[in-house]
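Enquirer: Make a model of this:
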Amino acid sequence: MSGKKGIILVGAIVGFVAVVLVRFGNPVNMGLCIICFIRDTAGALGLHRAGVVQYIRPELIGLALGAFLMAARSKEYYSRGGSAPFTRFVLGFLVTIGALMFLGCPLRMVLRLAGGDLNALMGLAGFVVGILIGIAFLNKGFTLKRTYALSRFEGYLFPAVQLGLLVLLVAAPAFVFFSEKGPGAAHAPIILSLIAGLIIGIGAQKTRLCMVGGIRDLIMFKDWHLISGFIAIFVAALAGNIVTGTFNMGFEGQPVAHADGLWNFLGMLLAGLGSVLLGGCPMRQIVLGAEGNIDSVITVLGMFAGAAFAHNFSLAASPAGPAPNGQVAVIIGLIVVLLIGYFNVDRKEEIIMKGDVELEA
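Expert: Residues are numbered from 1 along each chain as shown. Below you'll find the predicted structure:
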């Protein structure tokens, strides 16, 4: 699966799998959505009480376990962390706020486009603008500093938690919440979703699949490698939607989406900017966490907190449109992320030596 052919193959598989999951019960245009599935899982664990979005999504469990197994097999697993953990938590939180204003992560944005949802075009525009702003910070020397080696046990905790979630999903104890209606009640069979996640996790770990990285590399280095995977996702999902009759082009009446262009744009601008500073999109953060990157695990925890906060305080948008509280949260989020970018630019003072005198320039 190495090289451009490999990432195109994996992208095509992801697009195909997304269509299959919809065919077997997942919401339309939401065969795979990392942020939406984090939101659903957070609800199932009681972190929020929005009854229509509560379900432990086995796709996330499979994604993490598949990436962990592939990393271990290819000897790419190693525990590390300590790179601005709280800043990463905050960025993960805010990326989620932006994504829930748009109603989808970068992966779902592509799947929405493949389903004919033209509202996702404004989301894509905002996402690209956010990445461009992030690149400006990178070019000025933005850094969250180095990571440090940690014990292997530290890294094993993340996949262990996934196994715990799988037990809760299958056992369905009374303290776990499951939606009886709405998007949370729409899901494919557990075994199919779990296998789908495992396949995607294996492929994503091997190819480094990441839409944020793809657009960043295309702009900075004219490198099409990573973005070719997402082009393949779009093409495969588009073909699948046409074949299955779920393709519906337009702005109105799209599933789990709203038609407010401005807030679709701003929501994904926040998600794109935050993801660039984090070094990867939500899916990539889960894969990195499964490889032993505890900083990415902290980011994922921030995403869970953001999802819970968004629904507990009415920040998330709905098919009816953006919530007023959410509009305020997105603006505040943009200001905070810009401040994080500004204050984490490495401004090492250039020392000019003149004889025995040091002058700062």
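Enquirer: Could you give me the buried positions within the helix or strand harbouring residue 234?
Expert: Applying DSSP states H and E as the criterion places residue 234 in helix 225-244. For helix 225-244, burial by neighbour count (16 or more other CB atoms under 10 Å) applies to 225-234, 236-241. Any C-beta I mention is one placed from the backbone N, CA and C, and that applies to glycine too.
Enquirer: by contact count, what packs against the helix or strand harbouring residue 305?
Expert: Using DSSP H and E, residue 305 maps to helix 294-312. Counting contacts by 3 or more CB pairs under 8 Å, 6 or more residues apart in numbering; DSSP states H and E, helix 294-312 is packed against helix 34-44, strand 80-81, helix 85-102, helix 152-171, helix 282-290.
Enquirer: quick one: buried residues of it?
Expert: For helix 294-312, burial by neighbour count (16+ other CB under 10 Å) applies to 294-311.
Enquirer: try stretch 318-336
Expert: 318, 322-323, 326-327, 329-330, 333-334, 336.
Enquirer: can you put these in TSV and add distance to residue 144, pLDDT and secondary structure?
Expert: Formatted as TSV, these follow (distance: CB to CB, whole Å; pLDDT from 0 to 100; DSSP: H, G, I helix; E, B strand; the rest coil):
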residue	distance to residue 144	pLDDT	secondary structure
318	33	96	strand
322	30	98	coil
323	31	96	coil
326	27	98	helix
327	28	98	helix
329	23	98	helix
330	23	98	helix
333	18	98	helix
334	19	98	helix
336	15	98	helix
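Enquirer: Just confirm residue 281 contacts residue 109, I think it does.
Expert: No. Contact criterion CB atoms under 8 Å: residue 281 and residue 109 do not qualify, at 10.0 Å.
Enquirer: If we ignore the residues flanking it in sequence, what's nearest residue 280?
Expert: Excluding its sequence neighbours, the residue lying closest to residue 280 (CB to CB, 6 or more residues apart in numbering) is residue 210, at 5.0 Å.
Enquirer: What about residue 20, how many residues nearby?
Expert: Neighbour count of residue 20, defined by other CB atoms under 10 Å: 16.
Enquirer: what does residue 181 give?
Expert: Counted by other CB under 10 Å, the residues lying close to residue 181 total 9.
Enquirer: hang on, it packs against residue 52?
Expert: Yes. Using CB under 8 Å, residue 181 is in contact with residue 52, at 6.0 Å.
Enquirer: could you give the angle of the helix holding residue 305 to helix 85-102?
Expert: Angle of helix 294-312 versus helix 85-102, following axes from the mean of the first three to the mean of the last three CA atoms, to 10 degrees, is 40 degrees.
Enquirer: Can you give the distance of helix 294-312 from its chain's centre?
Expert: Centroid separation for helix 294-312 versus its chain: 11 Å, with CA atoms, centre = their mean, to the nearest Å.
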